[in-house]
Every structure is written in C-alpha cells, then in structure tokens.
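> pasting the sequence and the predicted coordinates here, then a few questions.
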Amino acid sequence: MNELSPLFVDVRSRRKALQMPQAVLAEAAGLSLNYIMRIERGLLVPSADQTRSLERVLGVLPKAAMAPISGEGYVTSMSAEGRLIRRTRDHDMGLRPVWDLFCGVGGFSAGFEATGEFEVVAGLDLLGDRLETFTANHGAANAYGGDIRNITTDTLLGENERPFAVIGGPPCQGFSSIRPFRNVEWGDLRNNLAEEFCRVVAAARPKWLVFENVVGLLTHNGGKTVEMLQGAFEGIGYKVSARVMNAAFHGLPQRRERLIIVGSLEGKTFEWPVPTHNHGRRSMAGSSRLLLAPELGLLEATEPAVTLLEAIGNLPPVSAGQTTDQYLDIPETRYQELIRAGAKILTMHDGTAHSPEMLNIIRHAGDNINALPPGMVTSGFSSCYSRLAPNEPANTITVNFVHPASNRCIHPYQDRALTPREGARLQGFSDTFNFRGTRSQIVKQIGNAVPPILGRCIAEALLDAD
Ligand SMILES: C[S@@+](CC[C@H](N)C(=O)[O-])C[C@H]1O[C@@H](n2cnc3c(N)ncnc32)[C@H](O)[C@@H]1O
C-alpha cells in the first residue's frame, strides 16, 4: 500500500489531496466523468473491479461504500450498500403486500398501512438512517440498503411476497433522460432512477403501481419527461393516469403538491380522490391539465384546510436551543388529538440553537424577506427568513425546515425555526412514529417524506378502483 494510506478515505478527498482533476481520474481509471462525479457524491458505489481501478490511480482503497453522502451542502448520512434488515414479524396474509422503492422512512408506506388493508413487505433505500427508521415502523418489511441499480429483481422476488402494489418516488435528480420502454432491452443502458422503478415493476408485475414525484417533473424537458414516463408504464402493460395532488386538500396542515401517477395492470380506471378540504391558493402546477382533480374537488370541498396552529398550537413553547418532553394539558383540536396518537412523552421538540446574529434576524422576521430592515441579510428568496402564517396550512416543508435561511419555517410567534416535532406534525407523522438517527438526519427524513395522509388517500382510492 502507499505511505499516505489512512484507515478510511473517500474518493473526493483522496483525489483532492493529489490535486487531480476529476476528468484526469476518470480517464486514468477508465471510468466516465459522470461516474466519478456520482461516486464522489456518494450516489454510486463502485464495483470491485472499479474499486481496483480507482485504487490503482489513487494509490489507496477508496472504500466508497462507506463514503458519507452529502445532502444539501453538508454531510448527514451514510450509504447502506449491501445491507439487508430482515423483517421482525411475518406478513399478515390477509393484507395486500406492497413494495416501497426509495422508501425513505416510509411515509408513503405508513399511509398505505393506515388503511388497514395493506402491509409493506419490502422497502429499499440508499441511506442507512432512512432504513433504520423505516424498519422501526414497518416490522413486516425486509429493508434493502443501497443503490437500487445494484439490487436484482430476482433477489426481491425471491425473498418477498409478490406485490399487489409497487409504490415509490425516486429523487428528482434522477431524470436526466428517460427512454421509451416499448422496445428496450434491459441491461447496462439503465441510467436513471425512474427507469429503475419501471424495471422493478416490469419484473414484479403488481396489479397497481403508484409513482410519486415533484411537480417540477411536469415541466422537465418541456413536458417530455413525464410523457415518456407515462409511455414507459404503458409500454410494460399498465393503464396510467396522472394528477397533481395537494395534500392540504386532503387534510394535511401543509400546502404540499405532488405529481402522482397510478397504473393498473388490468386496465382498471382509477378515480382520483375528491378533496375534502378547501384552501384557495394558486398551484405550483400552474395551468397544467394535470391539476384537474383539485380544481374540481374544490367545488365540493366541505371543510376549510387544517391550519398551522390547529396542528402545532398545543405544543409547549420552547426557545432556540431549548427542549421539553412535557405535553401541555390544554384542549386539543381534532387534528392534534389524532396526531398525538396517545403519546405520553413529547419527543423531538427541540429548538435549533440559533446564533445571536440569526436570533436578531428572526426577531425582525415577518411574512417575507422584505420585512427585514434593509441590509440585514444580503441574499435569499422572498420566502427565506420568514414566519409561517398561523391560520393557514404551512408552506411546503423542506429538508431544511430548522434553518430560517431556507423556505418559510420560522414559528409564527416564537423566535426560532420549527422544531423537528412541529415539522413531523405538519407532514402528518404521528407523535408515536419512531424516528431513528441524529437530529439533522431526522429533519431530512421528515422533509423528504410523502405525508402519510396523502398515501392513505391514494391507497383508499386504489381499493375502490380494484
Ligand atoms: C423523496 S425520498 C422518498 C421518501 C419516501 N417515499 C417517504 O415517504 O418517506 C427519496 C429517497 O430515495 C433514496 N434514494 C436516492 N437515490 C437512491 C438510489 N440510487 N437507490 C435507492 N434509493 C435512493 C433517498 O435516500 C431518499 O430516501
């Protein structure tokens, strides 16, 4: 081995230490530049052969399988390549089995299970902390760690019940290009995560597929991406239907829009859930034809949308840097009662320890960045450093909701950003949902999830359609 060899080194830091540009490493190791970039970001784990090539050039075993994954600019998670956490209880044969690809903590899964008709029997995710939380809440599921590209459908089919439904939402970076599937040979051409979803569906042949993603996918590549994706699902035999759903219309105290594609192998018609709650705001989907469902539903909606205070207003006040595990004994709204789910000890209700400078900004914060005195901050979108409105559903919760510089996330009355507990409630996770990991991992787990309420709503419509 070489004289610099530390016990652990990731590809990027080793390359930088050698002052070697990525392109030079790529050429010398016989790998594409794109591949090197993905390895360095922790999105891909090199095969044994590729590891040997990298070792030859870098002079040290890169152990990329253990390299930290950096998210949103700072390191929070570790890849779980090759890890399998086995189920701790048997699958209830009376329930319809579901596979959740890109399962995260299983917010989507929790929604399906909340119907009492489905059970998630397999989950798959790149990150170890996601898997830990997923398995803590979905005991009947085998949980596969690592890049989906490295997991064979033979493994999934060999170890799990054939699914009634395959559900999942790949991260949006996975849409560089999508090929039409009709005449495609599966093989080394596989290059993006939506195709991976399709690959698993094509092999498992579930009665239903449910694909979830960001609304931005609608305009990606001039709308061609979503068209090709729908074409891909049709190409493997599914009758598909797509809509933008806003979770606020279905009882979540948050305006969160998602593109949902549902497919039926038997050519059944899926009726989109009619909204039950009403909130008059413009949609991120603009004039897209896929917005039809919420618009129609609004005419029939009966209740006003659940507001921020109706969701978190009974939690005890905490200051920046403080925490408490005591609930307050005050009357609860219907949402508060449901979301507390009988919990006795309050968890994750800790305020971020803001710096004195940030506290000063927070004290001046209002509806948008313009509420701050001129020059107090030098950059940011309109919604940065802003307070949430108390009597409306919250803005979309992001993976940075404990940091005031990100999308509106400052408490309406208290001088701090939302606590992880408040974020979890706004995402519809009950106070008894078992989150595992560090605080920053948990914040990302929450911000990335499909709200269980949305999952449940789709799952119920699926039962109706089946
Ligand atoms: C939007 S989140 C999914 C949230 C999840 N549906 C939920 O409800 O909690 C996307 C997930 O995809 C995972 N992921 C990203 N790239 C992946 C890959 N190549 N293979 C497997 N999982 C991946 C991420 O770790 C992340 O947890």
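Sure thing, it's come through.
> which stretch of helix or strand covers residue 49?
Element membership for residue 49 (DSSP states H and E) is helix 48-58.
> does anything pack onto that helix? Which helices or strands?
With contacts defined as 3 or more Cβ pairs under 8 Å, 6 or more residues apart in numbering; DSSP states H and E, helix 48-58 has these neighbours: helix 11-17, helix 22-29. The way it works is simple: take the backbone N, C-alpha and C, and place the C-beta from them, glycine included.
> hey, which of those helices is tucked in deepest?
Most buried of the helices and strands packed on helix 48-58 by mean neighbour count (mean count of other Cβ atoms under 10 Å) is helix 11-17; its value is a mean of 18.
> helix or strand: which one has residue 363?
Under the criterion of DSSP H and E, residue 363 resides in helix 356-364.
> any residue of the helix or strand following that helix touching the ligand?
Counting by DSSP H and E, the next helix or strand C-terminal to helix 356-364 is helix 420-426. No: when contact is scored as Cβ under 6 Å from any ligand atom, no part of helix 420-426 falls within range of the ligand; the minimum is 11.7 Å.
> give me the residues contacting helix 420-426.
Contacts to helix 420-426, defined as Cβ atoms under 8 Å, 6 or more residues apart in numbering, come from residues 252-254, 308, 311-312, 315, 339, 346-350, 394, 397, 401-402, 411, 418, 431, 433, 435, 439, 442-443, 446-447.
> just checking, residue 28 touches residue 58?
No: the pair formed by residue 28 and residue 58 falls short of the contact definition of Cβ atoms under 8 Å, at 9.2 Å.
> now do the strands for the stretch 101-250 of the chain: every range, in order, please.
Taking DSSP state E, counting those that start in this stretch as the test, the strands found in the stretch 101-250 of the chain are 118-125, 142-145, 165-168, 208-213, 239-246.
> my read: residue 306 touches residue 277, true?
Yes: taking contacts as Cβ under 8 Å, residue 306 lies within contact range of residue 277: 6.8 Å.
> compare those two (neighbour count), which wins?
Set residue 306 next to residue 277 and count neighbours by other Cβ atoms under 10 Å: residue 306 wins out with 27 against 21.
> which residue is the nearest non-sequential neighbour of the more buried one?
If you skip the residues right next to it in sequence, residue 306 has residue 253 as its closest partner in space, 4.1 Å away by Cβ to Cβ, 6 or more residues apart in numbering.
> which residues touch that neighbour?
Under the criterion of Cβ under 8 Å, 6+ apart, the contact partners of residue 253 comprise 305, 306, 307, 308, 310, 311, 312, 335, 393, 394, 425, 426.
> spell out which parts of the stretch 151-300 of the chain neighbour the ligand.
The interface of the stretch 151-300 of the chain toward the ligand, taken as Cβ under 6 Å from any ligand atom, is made up of 169, 171, 193.
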